[in-house]
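> below are the sequence and a predicted model for it; my questions follow.
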Amino acid sequence: MKRNFVWMPVAIVTFLLGIAILLVPEFNSGLSDRVVHIEPIRVADHVECESSKIFPGRSVPIADMPKGASGYFPRDMYAYGWQDRESFLNEWYGKHLRAMREPSLLKESRSETEVYRFLWLRSFHNPIAVRVDRNGSNVNLVVKKLSGAGGYDPGKLIVSKNLRLDQGQWCEFMGMLERAKYWNEPLDDANGAHIDGAQWILEGVREGRYHAVDRWTPDDGAFREACVYLLELGGVETDKLGDELY
């Protein structure tokens, strides 16, 4: 009789533990037949962008363009400024792109690929580049940042990340380029160069043709909006930059 009283508490505890294992999911975490819940990957509906009414505009076939000394920009591009301005800008922009380990868009040989790159060189803040390319239905974005300053030494690569965009985001950017009349804009304007501020350089390659627009500290307008949109797609919180958004 005493033996029965000794084993009864053990039996009760064993019974309750068995119920807990069946009812509480955490107790089953070590079982071989556990169920793993995976969040489904969001697949965006296919979106057809509106056709451009301004391409090819001022763009030139890459095969016909003489390459600059830096390898990043063609020769005989800039119409304004002092003598040797073109060589100076090619070297300046090129050294930042080299520090970012960015490819030259003049070497883009895939005719089916469309690519744009925004190089943002602020005099006193980190240089940033955002490159977006589309090949078929795949749209990829690369954002890079250097530790230096746009008007001085490039520094080292401190941010390099790749993101996947959907067709809706791509079409939104295409619409911004159309509103900015990007393909019809001249490379540079009569404003020339300035001591402080920022250079906004947006290159584009489409159907084997190249074009670039280079502006100094645009205050407003569709071109600025398109460039800012690329920054935001790359994760830059432009609404928090304040005076650094120049």
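Good, I have the coordinates. Numbering: from 1, shown residues only.
> helix or strand with the lowest mean pLDDT in the protein?
Ranking every helix and strand in the chain by mean pLDDT, DSSP states H and E puts helix 2-23 at the bottom, with a mean of 48.
> so where do the helices sit in this protein?
Taking DSSP state H as the test, the helices found in the chain are 2-23, 85-99, 167-179, 222-233.
> give me the buried positions along the last one.
Within helix 222-233, the residues that qualify as buried are 222-224, 226-231, 233, counting by 16 or more other Cβ atoms under 10 Å. All C-beta atoms are positioned from the backbone trio N, CA, C, and that covers glycine.
> closest one to residue 239 out of those, please.
Using Cβ to Cβ, residue 228 comes nearest to residue 239 of the buried residues of helix 222-233, at 9.9 Å.
> how about the contacts made by residue 204?
Neighbour list for residue 204: 59, 114-116, 177, 182-183, 210-212 [criterion: Cβ atoms under 8 Å, 6 or more residues apart in numbering].
> again with residue 134
Counting by Cβ under 8 Å, 6+ apart, residue 134 touches 113-115, 140, 170.
> and those, which are buried?
Neighbour counting with 16+ other Cβ under 10 Å marks 113-115, 170 as buried within the contacts of residue 134.
> which one of these is nearest residue 188?
Nearest to residue 188 among the buried ones among the contacts of residue 134, counting by Cβ to Cβ, is residue 115 at 21.3 Å.
> with adjacent residues omitted, what lies nearest to the closest one?
residue 133 (3.8 Å; Cβ to Cβ, 6 or more residues apart in numbering).
> quickly list what that neighbour is bridged to.
residue 115, residue 140 (DSSP bridges).
> these two touch, right, it and residue 162?
No. Counting by Cβ atoms under 8 Å, residue 133 stays clear of residue 162, with 10.9 Å between them.
> out of these two, which sits in the busier spot?
More crowded of residue 133 and residue 162, by other Cβ atoms under 10 Å: residue 133, with 20 against 9.
> confidence score at that one?
With respect to pLDDT, residue 133 scores 96.
> buried residues of stretch 233-242, list them for me.
Judged by neighbour count (16+ other Cβ under 10 Å), stretch 233-242 contains these buried residues: 233-234, 236.
> which sections of the chain are below the confidence cut-off?
Scanning the chain for pLDDT under 70 picks out 1-47, 68-69, 81-82, 191-194.
> mind redoing it with 90?
Applying pLDDT under 90 to the chain picks out residues 1-48, 63-90, 107-112, 189-196.
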